[in-house]
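Trainee: I need the structure of the sequence given here:
(chains A and B)
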Amino acid sequence: MRALSTVARSEMRLFLRDPVTVGVAVVVPSLVLLGLAAVPALRNPIEPTGGLSFVAFFAPSLLAISIAMLGFQVLPTGLATYRERGVLRRLSATPVRPASVLLVQLIINLITATIGAVLVVAVAVGVLGVPAPRHPLGFAAALLLGTAAVFSVGLLIAARAPRARTASGIGTLLFVLAMFLGGVYLPKFLLPDWLLRIGDFVPPGAGVLWETWVGTGPELAPLLVLAGTALAATAGAARFFRWE
Amino acid sequence: MPVIEVSHLTKRYRQHVAVADVSFSVEEGEIFGILGPNGAGKTTTVECVGGLREADGGDISVLGLHPRRDRDRLRQVLGMQLQAGELPDRLRVGEAVELFASFYPNPRDPGELIERWGLGPKRDTAYRELSGGQRQRLSILLALVGNPRVAILDELTTGLDPQARRDTWSAIEQIRETGVTVLLVTHFMEEAERLCDRIAVIDSGRVVALDTPAGLLAGLADGQRLRFRPSAPFPDALLTDLPQVSALVRRGDLVEVRGGKDLLTAVTAALAGHGVIPEQLRLEQATLDDVFVALTGRRAGSPADAVQAK
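Mentor: Take a look at the predicted model:
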């Protein structure tokens, strides 16, 4: 137990020593939202959104940034680097199991992603007057399952990627895909319906986040798919994880 | 009772046999060297001893423990320094030592260990800023911080410059004073000669010789070499008839004689009986390098023909 807590403290310190990652993951989505809100026109209700302001319409999309960045990129690249450079192997020669590092990194990234997401909601609702999530339970479920799905896929990448650069490449690809489908690069009203439909099911499930925050409530199918993805990817990662 | 006992160890990776048949035992407090060319099976052997790999056959016991079955208990009393085991870039020296110390029930004092290994001024330096020699010292230190009874050190001076290598050797000599049993893997003759109480020479997965450094040298048929300028001519047979002499070569007016034990006494006596004075007499001892070449037909640094174990 003592070993696990010192590993946790040590990993936490290392994580905080990388201010770029922490900054982008925690603060940038909220800053983007505040920046958009500084343009008066974006705070007024507009037509293509069905009467929402652009800021309110766009806020749910920003939720995906912290989650996808930490889960698709930071977590798998970090673990793959540890494996490639023999850190996991070095630990397996001590009384500590390398799995404890995996667990600790998973928790740290999850906490950070949660802080980033909560900050976006707090800024949107508290500062910019965006309505609070209309379906709080559904919203919480969507956030939870979406995050779980992203992080499980991240673990699966970490499990199999032969090198840190491979992990980082796959992670970046998935991140860009998640951003595009989630309407971060282009507002969702500019994307075709079939593309948005795919986005409902691809982690982190941008569609469900949007529907539960400013829309008409959660749809069951995407939530089930996200939960299934999380279970399958976690099982795959546990089964195939290479420690060296 | 020996601290480490290995008998008829075998290990293969798919088609490639990394360890064919290795047996040895190490007594308490001994520094035991495993010497051999690249790909000879040295690392695989110690990784099986340390429980990082599962042996295919044979028995291993470390302090009475089985490396795989008693893995958790073994980890408490065994320290390992691995060839490829780095640390996170941003982790600082002091933090690394304290982190590793926290893994063990009765660790050594991190601060004192850092000072003793000359890393005091680097305590707050990140791992990626350390030189190769400093990383190596940190790596050895981490293998010792748990206050182990047995330490496995794999290629501890590879990649170090000569000065750093000598520093590391003096540090290892300090370990001996603390009574820790050390299993040392190396392909440097000088290192094995200086540090080891006994050496097992491994080639192509087998032990080809096991003795003290002096014993290995003594076993060499032409382990000694004499050079001199004779004061008067003499027939070759005068020396080549001696049982101690294995070869005689003339280079201009210089004579070089090779042979085993008591070469010097036998040659000088024979020459004196013939009225010849050996001028500018020089005796050269063979090194473990020569032993190695005699045993394996290769220089120690050169790769074996076998596929290198990964």
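Trainee: rest of the way, CA atoms for contacts and neighbours
Mentor: Noted.
Trainee: Now do the strands in the stretch 151-300 of chain B.
Mentor: Along the stretch 151-300 of chain B, the segments classed as strands by DSSP state E, counting those that start in this stretch run B:181-186, B:198-203, B:206-211, B:224-230, B:245-251, B:254-259, B:278-285.
Trainee: cool, chain A as well?
Mentor: For chain A, strands defined by DSSP state E do not occur.
Trainee: How about the residues of it by chain B?
Mentor: A:2-3, A:6-7, A:10, A:14, A:17, A:82, A:85-90, A:92-96 (C-alpha under 8 Å from any C-alpha of the partner chain).
Trainee: Count the neighbours of whichever residue of chain A sits closest to chain B for me.
Mentor: Nearest residue of chain A to chain B: A:G86, at 4.2 Å (C-alpha to the nearest C-alpha). A:G86 is flanked by 21 other residues according to other C-alpha atoms under 10 Å in any protein chain shown.
Trainee: Skipping its backbone neighbours, what lies nearest residue 51 in space?
Mentor: Assuming you mean chain A. A:P45 (5.0 Å; C-alpha to C-alpha, 6 or more residues apart in numbering or on different chains).
Trainee: You answered for a different chain; I wanted chain B.
Mentor: B:P67 (4.4 Å).
Trainee: how much space between the closest residue to A:A161 other than its chain neighbours and A:L88?
Mentor: Nearest residue to A:A161, sequence neighbours excluded (C-alpha to C-alpha, 6+ apart): A:A167, at 5.2 Å. According to C-alpha to C-alpha, to the nearest Å, A:A167 and A:L88 sit 16 Å apart.
Trainee: Show me what the biggest helix by length in chain B is packed against.
Mentor: Longest helix in chain B by number of residues (criterion: DSSP state H): helix B:162-177. Using 3 or more C-alpha pairs under 8 Å, 6 or more residues apart in numbering or on different chains; DSSP states H and E, the elements in contact with helix B:162-177 are helix B:132-144, helix B:189-195.
Trainee: roughly how far out does that helix sit from the chain middle?
Mentor: Centroid separation between helix B:162-177 and its chain, computed with C-alpha atoms, centre = their mean, to the nearest Å, is 13 Å.
Trainee: residues in contact with the residue in the stretch 151-300 of chain B positioned nearest to chain A?
Mentor: For the stretch 151-300 of chain B, the residue closest to chain A is B:I152, as judged by C-alpha to the nearest C-alpha, at 10.4 Å. Neighbouring residues of B:I152 by C-alpha atoms under 8 Å, 6 or more residues apart in numbering or on different chains: B:46, B:50, B:78-81, B:143, B:182-185.
Trainee: Can you get me a residue count around the nearest residue in space to A:P48 that is not next to it in sequence?
Mentor: Leaving aside its chain neighbours, A:P48 sits nearest to A:F189 (6.5 Å; criterion: C-alpha to C-alpha, 6+ apart). A:F189 sits with 13 neighbouring residues when counted by other C-alpha under 10 Å.
Trainee: swap in A:L209?
Mentor: Neighbours around A:L209, by other C-alpha under 10 Å: 28.
Trainee: With B:R71 instead?
Mentor: 17.
Trainee: Tell me if I'm right that it and B:G51 touch.
Mentor: Yes. The criterion here is C-alpha atoms under 8 Å, and B:R71 meets it with B:G51 at 6.6 Å.
Trainee: ok, the closest residue to chain A within chain B - contacts?
Mentor: Of all residues in chain B, B:G85 sits closest to chain A, at 4.2 Å by C-alpha to the nearest C-alpha. Taking C-alpha under 8 Å, 6+ apart, we find B:G85 in contact with A:85-90.
Trainee: Which residues lie in contact with the residue nearest the centre of chain A in this structure?
Mentor: Among the residues of chain A, the one closest to the centroid is A:I67, at 1.2 Å (C-alpha atoms, centre = their mean). By C-alpha under 8 Å, 6+ apart, A:I67 lies in contact with A:25, A:113-114, A:116-117, A:147, A:150, A:204.
Trainee: any idea how far A:W210 is from it?
Mentor: Distance, A:I67 to A:W210, using C-alpha to C-alpha: 15 Å.
Trainee: Please apply the same query to B:A237.
Mentor: According to C-alpha to C-alpha, B:A237 and A:W210 sit 102 Å apart.
Trainee: backbone phi and psi for B:P67, please?
Mentor: Here is the backbone geometry of B:P67 (degrees, to the nearest 10): phi -60, psi -30.
Trainee: correct me, but A:F240 touches A:A159?
Mentor: Yes. Between A:F240 and A:A159 there is a contact under C-alpha under 8 Å: 6.1 Å.
Trainee: Of those two, which one has the most company?
Mentor: A:A159 (23 against 13).
Trainee: average model confidence for stretch B:174-189?
Mentor: The pLDDT scores in stretch B:174-189 average 86.
Trainee: Can you give me the first-to-last residue distance of it?
Mentor: Its first and final residues considered, stretch B:174-189 spans 20 Å by C-alpha to C-alpha.
Trainee: Repeat that for stretch B:143-156.
Mentor: 11 Å.
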